[in-house]
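K.L.:
Sequence first, then the predicted structure, then my questions.
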Amino acid sequence: MSDTTFSSAPQTRLSRADGSAVRVLVVDDESTLTELLRMALKYEGWDVRTAANGQQALSTAREFEPDAIVLDIMLPDLDGLQVLHRLRSGGDDVPVLFLTAKDSLDDRLAGLTAGGDDYVTKPFSLEEVVARLRGLIRRSTLLQATGDGPVITVGDLSLNEESHEVSRAGTDIELTATEFELLRYLMRNPKRVLSKAQILDRVWSYDFGGKASVVEIYISYLRKKIDAGRQPMIHTIRGVGYVLKPAVA
């Protein structure tokens, strides 16, 4: 890691809706690394558990019910992608931050395509991991929503910022934390064309290496869940970006 210090004062502490500590599961077979991450995250006031392999990660996740998972891709039994697949198959939408030593864009995007929410590439700073996790947790159901009201409606599409419930024409739609945040951003800007750069900045809160393909991937995910078998609401404006607007009757 490029920086292993974490002595500066923490930001405003995050907590669960009931006031209890945020729960984070760290999964990596390098014991030194997991211990450093555990110490850094406990410094944030979070409740931290660790696992050294994929099977242990799955059993701990079931018991611990974490609010976020830091998951190494390279594990000695099940790899991180297999662990994530089993979590998602079991209906667990916990935000996942991948750790990877791989540099190629294809490898990094593979984790996101599998249902991960973010990644950091080794070597990394502990501060970066904490910042990414804070971003994922803020986009989860832990925090109360702000704004004029909890429910946003565009056409027959409805999104509740407090309960994180989404429905279209009365049919419930299950979204991951990142999909929810992307849809919320689109719905808060109906009929407004948003560029990929704007979406990267707002939804991921950082420039994803300048790779707009992650936006394309998540727009595709949303279309499959929001528009499948219905009149489309999410539209591509070629060369400009994306826009969400009520479906044409």
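P.N.:
Sure, I can see it.

K.L.:
Give me the domain ranges for this protein.
P.N.:
23-143, 151-244 (the TED database).

K.L.:
for those domains, which one ends up most surrounded?
P.N.:
The highest mean neighbour count among the domains of the chain, using mean count of other CB atoms under 10 Å, belongs to domain 23-143: a mean of 19. (Each C-beta comes from the backbone N, C-alpha and C, glycine too.)

K.L.:
Reformat the domains of the chain as TSV; add distance to residue 13 and mean pLDDT.
P.N.:
Converted to TSV, the domains of the chain look like this (distance: least, CB to CB, whole Å; pLDDT from 0 to 100):
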stretch	distance to residue 13	mean pLDDT
domain 23-143	5	85
domain 151-244	19	86
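
K.L.:
Can you tell me which of those is nearest to residue 15?
P.N.:
domain 23-143 (7.4 Å; CB to CB).

K.L.:
could I get the domains of the chain as JSON lines with distance to residue 15?
P.N.:
As requested, those are arranged in JSON lines below (distance: least, CB to CB, whole Å):
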{"stretch": "domain 23-143", "distance to residue 15": "7"}
{"stretch": "domain 151-244", "distance to residue 15": "16"}
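
K.L.:
by contact count, what packs against the helix or strand encompassing residue 131?
P.N.:
Per DSSP states H and E, residue 131 falls inside helix 126-138. In terms of contacts (3 or more CB pairs under 8 Å, 6 or more residues apart in numbering; DSSP states H and E), helix 126-138 is packed against helix 31-43, strand 68-72, strand 96-100, strand 118-121.

K.L.:
I'd like to know which of the ones you listed lies nearest to residue 164.
P.N.:
Per CB to CB, nearest to residue 164 of those: strand 68-72, 15.0 Å.

K.L.:
Find the residue closest to residue 95 in space, skipping its chain neighbours.
P.N.:
Closest residue in space to residue 95, ignoring its immediate chain neighbours: residue 136 at 3.9 Å, by CB to CB, 6 or more residues apart in numbering.

K.L.:
residue ranges of the helices in the chain, please?
P.N.:
Taking DSSP state H, the helices of the chain run over residues 31-43, 54-64, 80-89, 105-113, 126-138, 177-187, 196-199, 213-222.

K.L.:
returning to what we had before: need the helices and strands packed on helix 126-138 in TSV (columns: distance to residue 186).
P.N.:
Below are the helices and strands packed on helix 126-138 laid out as TSV (distance: least, CB to CB, whole Å):
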stretch	distance to residue 186
helix 31-43	31
strand 68-72	24
strand 96-100	23
strand 118-121	19
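
K.L.:
rewinding a little: could you give the angle of the helix holding residue 131 to helix 31-43?
P.N.:
Helix 126-138 runs at 60 degrees relative to helix 31-43, counting by axes from the mean of the first three to the mean of the last three CA atoms, to 10 degrees.

K.L.:
rewinding a little: enumerate every residue touching the residue nearest to residue 95.
P.N.:
68, 95, 97, 117-118, 177-178 (CB atoms under 8 Å, 6 or more residues apart in numbering).
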